[in-house]
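Chemist: pasting the structure only:
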Ligand SMILES: [Zn+2]
């Protein structure tokens, strides 16, 4: 059977895994309906691991970047290392291993790096993405709209913009989602859409047209129902797709096909 799902945001590179656990995880992904996954970096070591994962597994691609929590580690040397990784890393067939800069953005909920440092690291990495012609995967938590304002200011979001911005684990309202897709953003739905009482994300999934949606796990975090409580992993992205299918009243196969095509187009994957 042809595999159908694209997990646009996962952390196979997580330092929670031993080498053995990572191999076992990869075997479970290969036995699932997951056709593609993007392994997302949060710091420099995880960026290097993501590139290794992409080079070793045909279905895996990497995003490299420094998470807002670690914004203080974005030195000139680190930025240069990210540039080199993104520019030079190839898969065995010659295809680029790095398909996005991420995850980058602002997190004023946990405030693990000073806000000014977060803003500066975010802008520098947006500029790196523009320079390399890569899209960005955005982490936005409690920034009161500032993340989107910076993306507008840097020219990535505007009416009629090409789709270069993926809003990972979107947690805003349906009204905001509709406004952002009008500016060229792609909305990514994660496990919380399956949680009871999460009416907000349910409305986003109902109202955003399928052409503007992709799906993700953010594994090992945000495990969807019915597995909430255990560590998340890419194969569970199926439950996100099934929930969206139920909410939109369309077949699962249609959600799988459309979100996979949207993601391939966004990341520039043609295989
Ligand atoms: Zn993440």
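Modeler: Nice, thanks for sending it over. On a predicted model such as this, the values are computed, not experimentally measured, just so you know.

Chemist: Could you pull out the buried residues of the helix or strand containing residue 122?
Modeler: For residue 122, the element it lies in under DSSP states H and E is helix 115-132. Of the residues in helix 115-132, 118-119, 121-122, 124-126, 128-129 count as buried by neighbour count, 16 or more other C-beta atoms under 10 Å. For every residue, glycine as well, the C-beta is placed using N, CA and C.

Chemist: Check which helices and strands it is in contact with.
Modeler: Counting contacts by 3 or more C-beta pairs under 8 Å, 6 or more residues apart in numbering; DSSP states H and E, helix 115-132 packs against helix 76-88, strand 98-107, strand 136-141, helix 146-153.

Chemist: Point out the most buried one among the ones you listed.
Modeler: Stretch with highest mean neighbour count among the helices and strands packed on helix 115-132: strand 98-107 (a mean of 27; mean count of other C-beta atoms under 10 Å).

Chemist: Give me the angle between it and helix 76-88.
Modeler: 150 degrees (axes from the mean of the first three to the mean of the last three C-alpha atoms, to 10 degrees).

Chemist: Determine the set of other helices and strands touching strand 98-107.
Modeler: strand 34-40, strand 60-64, helix 76-88, helix 115-132, strand 136-141, helix 146-153.

Chemist: For residue 234, list the residues it contacts.
Modeler: 7, 10, 12, 25, 29, 32, 34, 37, 217, 219 (C-beta atoms under 8 Å, 6 or more residues apart in numbering).

Chemist: where's the last one relative to residue 261, distance?
Modeler: When C-beta to C-beta, to the nearest Å is applied, the distance between residue 219 and residue 261 equals 22 Å.

Chemist: okay, these two: which has more neighbours?
Modeler: residue 219 (25 against 14; other C-beta atoms under 10 Å).

Chemist: what's the distance between the more buried one and residue 105?
Modeler: 19 Å.
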